[in-house]
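*Asks:* sequence? don't have it. structure:
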């Protein structure tokens, strides 16, 4: 996969190695359509993009039609498949067709944002060179009327051995290597699996000699149920070529009151490896926590409470026979950790908990899981690869139609003591792997897996559990369940390129290996947007936002556009980010560049010929204002210290910062670089300022400088040049050093501020560190002489703003050099008692003063490396901004007024 910027357009195109367009990204310039609905906008857009999709206008004539049930005279084309909305974006899906029949796994998805209707992106999985031989009518008719026993014969099964659940004709590409597995088994897979392993299949007959690998055929999709030894009834999907009856592909639709539970696995909770799944009740029982169980009302008459609720129900539907516990109404479900009853309570609580987490994020569970019947049956003591369920495993199976969750089952976390069993359902991480991995895929792509990886379940498990984790190894994905397994069988989310764990590397073979590449990628993104913060609240925010984006991105996928490569899912995530998280009050469009970078660092977007042990290429054009990260996106706790922005009192072009003079024209400058692979053209910089303060919101709190914008020379690629842009004339009006904001852009690299429409706003702490086009300077030098330091802060003030729609608890923290503190100096707030809370969208002035200590000389300051006083303002545990004051031994006077 490689990317290119369309000439004279703000459109980024991703092509495969054959040059076929796989993704079109309009994030920088959404394509507004004169349409009355998202569907109409998508129809118009597809016709405009026919050339990019390597198709003809003739092939798009059937967009308003549904796919055919029998072959028609039409050759290739596209037809409407579905549309689904989440928050403020609708995904419109189109199925590629031939003879009017749908082509399996091929189509187009278009993401349309509302009010006005504008296209953000499109994904294309179609084959522009498809060609299919017309089957004879008799063969088609026979398959359309196929009985269960006739299907059993084609599959090599005895009569009356299966139930036929559904049939449909498709165009299907035969891939001999993937006849029975999506990701054929490799030596690497055993290295990284961890769970007891079983690839379910049936002993199907060989295909006919006339069936050729890499050819398309008209095939019957047969959905059926048959019994599998050890596992019981299993739902399956088979594709059968209509003329020869050859089985082209076969898949099992499966993949791996109060109550006491483990809300977090014992090792993540305590950090003590001795609390693993081999530990005794005496060790584990104190780690249980009592939680409310959201259950349906007790059964009438008998007044018995069962583990049944809105989303899940505990059901003993497969061996071993272990009945679910029941209790009289009002009696708690409290059991020992090593017991089947505890397994049932944890299975109920954690599975129900997953759907409530999604619901708390604003997702409509019924519409997201539109083909799943609730409550879902959950077996707390099931089996997968054994007769008796004595195995370390779990699974989430599809329904009979293969388009929703059918059931889920959990086995053991350890097989050492089966008399006193410990359940894998007690591990919240494992439940997330199943439901947040496979569960969310069933209803969206009719499969438990991505086309390029097992799922995103490991990612969600690692990210949601990280904020409060005490596990000794932060990067082990399942520190409890896998603790007794050899190191080679444990899954991780810090995989390196040099060991083959890059996209396109030796470990990128699909399945669990590629899942670890994905979890490494997404964990990097999470760390960047706050996961590496020292604040639990910041980490929790970053975790929820990352998982919200994963869930929303999956909701934009369709069975036809299930991504077969990592770039497809990267695109889905970036598109999801453009939507507003309306239920949480967050404007979208803040994190797309960080998502792209996270995949780039894991070797995606490499230039042709570049080995997969190297990081990918940056975007073609990527202008930035240096903030110490070379234009990249590792976590930055202090985002307002950009000294590539400076002020002069005259337009002399010199590069030493001078404190602004209030009430007269000053002149600001900024340096801009380009880490992209192409020359940056049409470079522009916009300049803004605002009163000294924190918790600033774009655009509300910023005003343009007198010189609002300047053009800049073209900038050479690959960080080889840095240009100075300025002067920007401006007149500060407030003492205390007003904040300065610079925003660079170029053709092909707009700033994230262009993602926001009228009425949108975003706080500085989400905007600035996640867009390298933006630099913010809240840095003021203060004179180093003792008298100057006292005067610098006498009555000095800044405005604390609350950017949230809720009352917040304030925590204003001062970090000053140790040597200054040792001399007895202390920066304080004269109105400290007023700085404890703030009404929603409220503001308050913080008034400072410097309490003097022992005398010191400028030479003392010169000898110290740390000369910075930093003030951080936290609101409900989130760092919303700050002010920085640098003690400058060269400065003889402080900021002044004319």
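*Replies:* Yep, it's here. Only a predicted model underlies this, so the values are computations on that prediction, with no experimental measurement involved. Residues are numbered from 1 along each chain as shown.
*Asks:* Which parts of the stretch 301-450 of the chain are helices?
*Replies:* 340-360, 365-368, 428-432, 440-445 (DSSP state H, counting those that start in this stretch).
*Asks:* and of the ones you listed, who's closest to residue 835?
*Replies:* Judged by CB to CB, the one of the helices of the stretch 301-450 of the chain that comes nearest to residue 835 is helix 340-360, at 30.6 Å. To be clear about C-beta, it is placed using only N, CA and C from the backbone, and glycine gets the same treatment.
*Asks:* where's the closest one relative to the chain centroid, distance-wise?
*Replies:* Here helix 340-360 is found 23 Å from its chain centre; the criterion is CA atoms, centre = their mean, to the nearest Å.
*Asks:* What is that helix packed up against?
*Replies:* Packing contacts for helix 340-360, counted by 3 or more CB pairs under 8 Å, 6 or more residues apart in numbering; DSSP states H and E, involve strand 258-261, strand 312-314, helix 365-368, strand 376-379, strand 405-410, strand 422-423, helix 428-432.
*Asks:* If we use 6 Å, what do you get?
*Replies:* Applying 3 or more CB pairs under 6 Å, 6 or more residues apart in numbering; DSSP states H and E, one finds that helix 340-360 contacts strand 258-261, strand 312-314.
*Asks:* tell me the contacts of residue 737?
*Replies:* Residue 737 sits next to 692, 780 when contact means CB atoms under 6 Å, 6 or more residues apart in numbering.
*Asks:* three-state assignment of it?
*Replies:* coil (DSSP: H, G, I helix; E, B strand; the rest coil).
*Asks:* Looking at it now. What's its pLDDT?
*Replies:* Listed pLDDT for residue 737 reads 79.
*Asks:* and the gap between it and residue 355?
*Replies:* 50 Å (CB to CB, to the nearest Å).
*Asks:* try residue 51
*Replies:* The gap separating residue 51 from residue 355 is 44 Å, by CB to CB.
*Asks:* Between the two, which has more neighbouring residues?
*Replies:* residue 355 (23 against 10; other CB atoms under 10 Å).
*Asks:* Figure out which of the helices of the stretch 301-450 of the chain is closest to residue 17.
*Replies:* Comparison of these against residue 17 by CB to CB identifies helix 440-445 as nearest, at 23.6 Å.
*Asks:* Past the closest one, which element shows up next along the chain?
*Replies:* Using DSSP states H and E, the helix or strand that follows helix 440-445 in sequence is helix 457-465.
*Asks:* who does the helix or strand following that next one touch, helix- and strand-wise?
*Replies:* For helix 457-465, the following helix or strand on the C-terminal side (DSSP H and E) is helix 511-526. In terms of contacts (3+ CB pairs under 6 Å, 6+ apart), helix 511-526 is packed against helix 187-192, helix 457-465, helix 592-600.
*Asks:* Format the ones you listed as CSV; extra columns: distance to residue 313, mean neighbour count and mean pLDDT.
*Replies:* Formatted as CSV, those follow (distance: least, CB to CB, whole Å; neighbours: other CB atoms under 10 Å; pLDDT from 0 to 100):
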stretch, distance to residue 313, mean neighbour count, mean pLDDT
helix 187-192, 33, 15, 42
helix 457-465, 22, 27, 98
helix 592-600, 37, 25, 98
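*Asks:* so can I have JSON lines of these showing distance to residue 512?
*Replies:* Output for the helices and strands packed on helix 511-526, formatted as JSON lines (distance: least, CB to CB, whole Å):
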{"stretch": "helix 187-192", "distance to residue 512": "5"}
{"stretch": "helix 457-465", "distance to residue 512": "8"}
{"stretch": "helix 592-600", "distance to residue 512": "19"}
